[in-house]
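J.: Next come a sequence and a model predicted from it.
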Amino acid sequence: MDDAETLVQLRRLALLVAQGVPPEEVFAAVCKEIWRHFGGSTARLFRYELDGTVTLLANEGTTGPHVRVGERWEGYPPAGLTASVQRTGKIGRINDFRELPGGQKYADEGLISAVGMPIHANGRLWGMIAVGSSEGRLPDDTEARMAAFTELCAIAVANAQSRAELVSSRARLVAAADEARRQIERDLHDGAQQRLVALALRLRSVTDADGAAEVAADLMTVIDELRELSRGIHPAVLSDSGLRPALRALARRSPLPVEIDVRLDARLPSAVEIGVYYVVSEVLTNAVKHANATVVLVEVSVGEDVLELCVRDDGVGGADPSRGSGLVGLTDRIAALGGTIEVASPPGGGTTITCRVPV
């Protein structure tokens, strides 16, 4: 295939991304273009998830009972393409599935050989593009031919994913802000407002000093409630003293033992301090509720204009970033600051959340 046809294929992909079509359509189009470009029997696009699982995003060509687009890719051989590319982040090749332990199901669908190209996006291994042949060993130059083309296809894949995540993130942030406002309204209406109305009615009937003292005591309780509510909106210690004292205050209030190690020479931008504070607050809440941990370690440092936050617990692990609003909300908050977040939570191995935010 000549360079002109290659450019035509890449323009088609770029146009889909620019039109903002759903990522699933872009994934399918990428797979189809790769299948056309290399003339193989099969082309497949995979994504490596943060929890270590693999998802089959698109398939073109041969198929079988194990080929379920949009679902987890399971039961693949430890020495096969999926596992080797995931493990090494490098190109993989299988010359004969019939000789690969666990490779018979691929041979049954008609595949003999295959090559897998890693897709790197945003500094991590994002997925893999695989091309398979039912006519024998793929040519020795397949890897070299795939490299440049798949790199450009990977850009389209990453852009489509980023666009979709941005749209979803914005929607979630708006929804979260709306819900927070509604919660504050409920807290004020059901708590302080009701008590103030009751106090106003009692004041009308107060006739002696004892009655006035009781009203004053109740008024102080209302003031304490309002202070607690305002602390949840924005802690005063964060504005007045900065991140280190604010995180230490969080640690003191936590039911779990929390070790704080904050290495900062100066105050950070307000948005960054607020973002880090609420990330730590949410992670501590999750650790108390779900992790069955005995201790949490919080580390904050700044180097080369990037703040790094690391929160570790020694709990049960198994946290899934794709499930539940907590971790998704943290991802949105850090993304809004132009940062990244990584979650490592192997079952039985505790949970480590690492955030990097430009400052």
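T.: Arrived safely. This structure is a prediction, so every number in the text was calculated from the model and none was measured. Numbers count the residues shown, from 1 in each chain.
J.: from here on, contacts and neighbour counts on C-alpha atoms
T.: OK.
J.: next structured bit after the helix or strand where residue 343 lies?
T.: Assigned by DSSP states H and E, residue 343 falls within strand 340-344. Per DSSP H and E, the first helix or strand lying C-terminal to strand 340-344 is strand 351-358.
J.: Just the residues contacting that next one, thanks.
T.: 272, 305-319, 334, 337-345 (C-alpha atoms under 8 Å, 6 or more residues apart in numbering).
J.: is it true that residue 90 lies in a strand?
T.: No - counting by DSSP: H, G, I helix; E, B strand; the rest coil, residue 90 is not part of a strand but coil.
J.: Need phi/psi at it.
T.: Residue 90 adopts backbone torsions of phi -120, psi 170, taken as degrees, to the nearest 10.
J.: do the same with residue 260
T.: Main-chain torsions, residue 260, degrees, to the nearest 10: phi -110, psi 130.
J.: measure it to residue 358 for me?
T.: To residue 358, residue 260 is 21 Å away according to C-alpha to C-alpha, to the nearest Å.
J.: Comparing those two, which shows the higher neighbour count?
T.: Comparing residue 260 with residue 358 by other C-alpha atoms under 10 Å, the one with more neighbours is residue 260, at 18 against 15.
J.: Would you map the strands across the stretch 251-359 of the chain?
T.: 258-263, 296-303, 306-313, 340-344, 351-358 (DSSP state E, counting those that start in this stretch).
J.: okay if I get those strands as JSON lines plus distance to residue 286 and mean pLDDT?
T.: Formatted as JSON lines, those follow (distance: least, C-alpha to C-alpha, whole Å; pLDDT from 0 to 100):
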{"stretch": "strand 258-263", "distance to residue 286": "13", "mean pLDDT": "95"}
{"stretch": "strand 296-303", "distance to residue 286": "11", "mean pLDDT": "94"}
{"stretch": "strand 306-313", "distance to residue 286": "10", "mean pLDDT": "95"}
{"stretch": "strand 340-344", "distance to residue 286": "13", "mean pLDDT": "89"}
{"stretch": "strand 351-358", "distance to residue 286": "10", "mean pLDDT": "93"}
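J.: Take these and lay them out in CSV including distance to residue 244.
T.: CSV is the format used below for the strands of the stretch 251-359 of the chain (distance: least, C-alpha to C-alpha, whole Å):
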stretch, distance to residue 244
strand 258-263, 6
strand 296-303, 9
strand 306-313, 12
strand 340-344, 21
strand 351-358, 17
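J.: right, so of those strands, which gets closest to residue 123?
T.: strand 340-344 (10.1 Å; C-alpha to C-alpha).
J.: contacting residues around that closest one?
T.: 50, 51, 321, 331, 334, 351, 352, 353, 354, 355, 356, 357.
J.: So in that sheet, which strands flank it, and in what orientation?
T.: strand 351-358 (antiparallel) (DSSP bridges).
J.: picking up where we left off before, the strands of the stretch 251-359 of the chain: which one's closest to residue 38?
T.: strand 340-344 (34.8 Å).
J.: Any buried residues in the closest one, and which?
T.: Of all the residues in strand 340-344, those buried under the rule 16 or more other C-alpha atoms under 10 Å are 340, 341, 343, 344.
J.: Any chance of JSON lines for the residues you listed, columns distance to residue 266?
T.: Shown next, in JSON lines, are the buried residues of strand 340-344 (distance: C-alpha to C-alpha, whole Å):
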{"residue": "340", "distance to residue 266": "22"}
{"residue": "341", "distance to residue 266": "23"}
{"residue": "343", "distance to residue 266": "28"}
{"residue": "344", "distance to residue 266": "29"}
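J.: hmm, who's touching stretch 42-52?
T.: 27, 31-32, 34-35, 54-62, 86, 125-133, 320-321, 342-346.
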